[in-house]
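Colleague: Compute the structure for the input listed below.
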Amino acid sequence: RTLAYFPKLQSVSLIQQDIQKIEGLEYSPELQRLLLNENSIKKIEGLQNCLNLQKLYLPFNCIKEIGSGLAGLEQLEVLWLAGNQLRSLENLVLPSLTEL
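Modeller: Below is the predicted model:
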């Protein structure tokens, strides 16, 4: 909940922090860039209030499927998922995506 004190936050970088779950971003509506490389994240979730998110970096986590965690992120242009356990990009519909 520490991020609740920074509602105007636009960029967050938490690399190699052994994060297991994306959470605490409900008070970060202006977030544009999120780097969560090399953590232990299993599921894409907790981003529903980050409607201004443009760049999401999740390489080298433990993600197995896309699911619905990216729903509503219509501003998302960059999505990095390399080094995860994904077998399919099924259900990936992001109209602004230019880099995968």
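
Colleague: For this protein, which segments are assigned as helices?
Modeller: Shown for the chain, no helices are assigned by DSSP state H.

Colleague: what bits of it have low per-residue confidence?
Modeller: 1 (pLDDT under 70).

Colleague: and with 90 instead?
Modeller: 1-7, 65-68, 87-95, 97, 99-100 (pLDDT under 90).

Colleague: so where do the strands sit in the protein?
Modeller: 11-13, 33-35, 55-57, 78-80 (DSSP state E).

Colleague: Next, name the residue at the spatial heart of the chain.
Modeller: By Cα atoms, centre = their mean, the chain has its centre lying nearest to Leu56, at 4.7 Å.

Colleague: If that one is in a bridge, with which residues?
Modeller: Bridge pairing for Leu56 (DSSP bridges) gives the partners Leu34, Leu79.

Colleague: In a markdown table: the strands of the chain, plus distance to Pro95.
Modeller: (Each C-beta comes from the backbone N, C-alpha and C, glycine too.) Shown next, in a markdown table, are the strands of the chain (distance: least, Cβ to Cβ, whole Å):
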| stretch | distance to Pro95 |
| --- | --- |
| strand 11-13 | 23 |
| strand 33-35 | 19 |
| strand 55-57 | 15 |
| strand 78-80 | 13 |
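
Colleague: Of all those, which one is nearest Ile44?
Modeller: strand 55-57 (8.5 Å; Cβ to Cβ).

Colleague: pretty sure Trp80 is in contact with Ile63, am I right?
Modeller: No - Trp80 lies out of contact with Ile63 (Cβ atoms under 8 Å); the separation is 11.2 Å.
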